[in-house]
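Asker: predicted model, plus sequence, below.
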Amino acid sequence: MSVLEIRDLHVSVDAEGEAKPILRGVDLTVKAGQTHAIMGPNGSGKSTLAYSIAGHPKYTITSGSVTLDGKDLLEMTVDERARAGMFLAMQYPVEVPGVSVSNFLRTAATAIRGEAPKLRLWVKEVKEAMARLGIDPAFAERSVNEGFSGGEKKRHEILQLELLKPAIAILDETDSGLDIDALKIVSEGVNRVRETGETGTLLITHYTRILRYIKPDFVHVFVGGRIVEEGGPELADHLEAEGYEKFVKAAV
């Protein structure tokens, strides 16, 4: 069973030549089969946590540790982290002109699995995954994210999630910009991966609406670069009713 362990993580970003602290001591453990929701107001550091774990060069780890199954992620390059089993669904997926979705997915699967998937079986696997997500088969020949709608980008992220089967999946505001139908389809994809029991999920969101479809095991309130409250699904209901104001005031 895979385990992501974050211990006393401090992260800063360069702001006009000075190091600006963003994360101020984050402790979190995510195990395979678990779903953790990170909730908090804008600017609280939720996305910084996601990108720091993934290895974005913009962020500097000033202290703390991040391990996956006991291995030091912070010593790995971005591609090494992906091969180790980390997956990040970005809030704003980038366009990759000239690279088709089909080639992108097979190249990624080859890197993760250590060998190229057998073509006939792979084509079947991709078609079935696309059908589950309501994606037109012609989508496979389009350039990655080029001209995609917001919903198409998010479905493509979940398509990757289903096909690559990571140890730990970080979903950064996957619900952003989705209409209700797309939200349901994307949530169903996340739940299918969760039900395998092989992937731990860290779901970052502002709102509770996605939690109506993806039931978290744990909810963490993120304010001022750290976790200030933890609980079960009922905590999300409390946030829906009361908002973040109480936690923001307490963190000042």
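Answerer: On my side now, so go ahead.
Asker: now the helix or strand harbouring Glu128: buried residues?
Answerer: For Glu128, the host element (DSSP states H and E) is helix 119-132. Of all the residues in helix 119-132, those buried under the rule 16 or more other CB atoms under 10 Å are 122, 125-126, 129-130. Using the backbone N, CA and C atoms, a C-beta is placed for each residue, glycine as well.
Asker: export the residues you listed to TSV and tack on pLDDT and distance to Lys153?
Answerer: Listed next are these as TSV, based on pLDDT from 0 to 100; distance: CB to CB, whole Å:
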residue	pLDDT	distance to Lys153
Trp122	92	22
Glu125	93	21
Val126	93	17
Ala129	95	16
Met130	94	15
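Asker: just the element for the closest residue to Ile6 other than its chain neighbours, please.
Answerer: Nearest in space to Ile6, with sequence neighbours left out and distances taken as CB to CB, 6 or more residues apart in numbering, is Leu28 at 4.4 Å. Taking DSSP H and E as the criterion, the element that holds Leu28 is strand 18-31.
Asker: what do you get for Val190?
Answerer: Taking DSSP H and E as the criterion, the element that holds Val190 is helix 180-195.
Asker: any idea how far the helix or strand that comes right after that helix is from the middle of the chain?
Answerer: Remark: after helix 180-195, the chain's next helix or strand is strand 200-205, criterion DSSP H and E. Between the centre of strand 200-205 and the centre of its host chain there is 6 Å, according to CA atoms, centre = their mean, to the nearest Å.
Asker: can you check stretch 232-249 too?
Answerer: Taking the mean C-alpha point of stretch 232-249 and that of its whole chain, the gap between them comes to 22 Å (CA atoms, centre = their mean).
Asker: convert that stretch to PDB, retaining C-alpha atoms only.
Answerer: Extracted in PDB, the C-alpha atoms of stretch 232-249 (Å, rounded to 0.1, in the frame of the first residue of the first chain):
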ATOM      1  CA  GLY A 232     -14.400  13.800   8.300                       C
ATOM      2  CA  PRO A 233     -16.900  14.600   5.600                       C
ATOM      3  CA  GLU A 234     -19.000  16.500   8.200                       C
ATOM      4  CA  LEU A 235     -16.400  19.200   8.300                       C
ATOM      5  CA  ALA A 236     -17.100  20.000   4.600                       C
ATOM      6  CA  ASP A 237     -20.800  20.400   5.500                       C
ATOM      7  CA  HIS A 238     -19.800  22.800   8.300                       C
ATOM      8  CA  LEU A 239     -17.700  24.800   5.800                       C
ATOM      9  CA  GLU A 240     -20.600  24.900   3.400                       C
ATOM     10  CA  ALA A 241     -22.800  26.400   6.100                       C
ATOM     11  CA  GLU A 242     -20.300  28.700   7.900                       C
ATOM     12  CA  GLY A 243     -17.500  29.500   5.400                       C
ATOM     13  CA  TYR A 244     -13.800  30.000   6.300                       C
ATOM     14  CA  GLU A 245     -14.100  33.200   8.300                       C
ATOM     15  CA  LYS A 246     -13.800  31.600  11.700                       C
ATOM     16  CA  PHE A 247     -10.600  29.800  10.700                       C
ATOM     17  CA  VAL A 248      -9.100  32.800   9.000                       C
ATOM     18  CA  LYS A 249      -9.700  35.000  12.100                       C
END
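Asker: picking that back up, as TSV, the buried residues of helix 119-132 with distance to Phe247 would be great.
Answerer: Conversion of the buried residues of helix 119-132 to TSV gives the following (distance: CB to CB, whole Å):
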residue	distance to Phe247
Trp122	46
Glu125	43
Val126	43
Ala129	38
Met130	40
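Asker: list phi and psi for the closest residue to Phe222 other than its chain neighbours.
Answerer: Nearest non-adjacent residue to Phe222, counting by CB to CB, 6+ apart: Gly40, 3.5 Å away. With angles defined as degrees, to the nearest 10, Gly40 shows backbone torsions of phi 170, psi 170.
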